[in-house]
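> Here is my input; please provide its structure:
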Amino acid sequence: MGFLVKSVSGNVASVTLNRGKVNPINEELTQELSACFNEYSDDNNIKAVVITGNPVFFSFGLDIPEFLGYSKDDFTRFVGKFADLYTQIFLFKKPLIAALSGHTIAGGFMLATACDYRIMVTGKARMSLNEITFGSSLFPGSAEMLKYCVGQRNAEIISYTGAMFSAEEAAKMGLVDKVCDSANLLTESGNTALEFVSRYGPAFESIKKLMRTDTAETMRIKDERYRDEMIDIWYSPETWNRLKQIKIHG
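All right, here's what the predicted structure looks like:
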């Protein structure tokens, strides 16, 4: 069973995360997303991609209850795959718009910040890189990606506090580029994708490479250098006890 709903309209592909009500990220979803972006990267008919989620959750983040059943070696394997995924998305050569349909938390937050342009719904939806609240460090490369998006000081505020930001607050910090109501999200994201499609694709690809390659290289270095530290903290008794309190409903 797949966890993505895919469609194509003209030159714009849409990808909807579809793993229950909160779209928790597991190893299978990670692999499916990677394969999807490989497919769209090679498809010359696809000029831009929109990724979105469910009305309440873009994504809850990692499927923590599932990962509690992983051995340390198995979790290390997953961490490598997920780091490869957000780096792949960060460097995806075509315009990629995140239509943040609801709460965008932790791993979901990382997927969003890897995109080129983010549109978030107003109302109850919140955006948060909240690892600190349950005693986890960050995926190392995601810290560099966050600094790329919002700058050093805002990245520190976001990651040190684990605060939950409304769409309007996220826009002020540079986490999102546009805010709209839920009824208009798909229209806004589709129109934004078409704006990108109207530009010359090879020029966009070249400029994106110039803008992001150095950051991506630092992301890879940090993921390799600090991955074991992050995993050791994840398996520490204090963090493990906090992780066991996290429940996913739906």
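> which helix of the protein spans the most residues?
Looking across the chain with DSSP state H, the single longest helix is helix 201-234.
> Who are the contact partners of the residue most central in space within the chain?
Geometric centre of the chain, nearest residue: residue 111, 0.9 Å, by C-alpha atoms, centre = their mean. Residues near residue 111 by C-beta atoms under 8 Å, 6 or more residues apart in numbering: 25, 33, 51, 59, 85-86, 89, 98. Just so you know, the C-beta spots here come from the backbone N, C-alpha and C atoms, and that holds for glycine as well.
> Against residue 220, how distant is it?
As defined by C-beta to C-beta, to the nearest Å, residue 111 lies at a distance of 17 Å from residue 220.
> cool, residue 175 as well?
From residue 175 to residue 220 the distance is 23 Å (C-beta to C-beta).
> who has more neighbours, these two?
For residue 175 versus residue 220, neighbours defined as other C-beta atoms under 10 Å are more numerous around residue 175 (25 against 16).
> I figured that one was touching residue 150, is that so?
Yes - Residue 175 is in contact with residue 150 according to C-beta atoms under 8 Å; the separation is 6.1 Å.
> which residues are common contacts for these two?
With C-beta under 8 Å, 6+ apart, residue 175 and residue 150 have common neighbours residue 158.
> Can you flag which of the contacts of residue 111 belong to strands?
In this view, the contacts of residue 111 that belong to strands under DSSP state E are 25, 51, 59, 98.
> Please, where are all the helices along the protein?
Using DSSP H, helices in the chain cover 27-42, 64-67, 72-90, 107-113, 140-150, 152-161, 167-173, 185-197, 201-234, 237-243.
> Now do the buried residues in the first one.
Same thing as helix 27-42. Using 16 or more other C-beta atoms under 10 Å as the test for burial, helix 27-42 gives 27, 29-30, 32-34, 36-37, 40.
> ok, so what distance separates residue 59 from residue 240?
23 Å.
> typo on my end, it should be residue 232
Shown here: residue 232 relative to residue 240, a distance of 11 Å by C-beta to C-beta.
> Same question for residue 140.
20 Å.
> Those two: who's more crowded?
Neighbour count, other C-beta under 10 Å: between residue 140 and residue 240, residue 140 has more, with 22 against 13.
> pLDDT score for that one?
For residue 140, the pLDDT comes out at 97.
> Let me see the contact set for it.
So residue 140 contacts 83, 219, 222-223, 225-227, 230 (C-beta under 8 Å, 6+ apart).
> gap between it and residue 106?
In terms of C-beta to C-beta, residue 140 sits 15 Å off from residue 106.
> Export the contacts of residue 140 to JSON lines and append columns for neighbour count and distance to residue 210.
Listed next are those as JSON lines, based on neighbours: other C-beta atoms under 10 Å; distance: C-beta to C-beta, whole Å:
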{"residue": "83", "neighbour count": "23", "distance to residue 210": "23"}
{"residue": "219", "neighbour count": "25", "distance to residue 210": "16"}
{"residue": "222", "neighbour count": "20", "distance to residue 210": "21"}
{"residue": "223", "neighbour count": "23", "distance to residue 210": "22"}
{"residue": "225", "neighbour count": "11", "distance to residue 210": "25"}
{"residue": "226", "neighbour count": "16", "distance to residue 210": "26"}
{"residue": "227", "neighbour count": "17", "distance to residue 210": "28"}
{"residue": "230", "neighbour count": "19", "distance to residue 210": "30"}
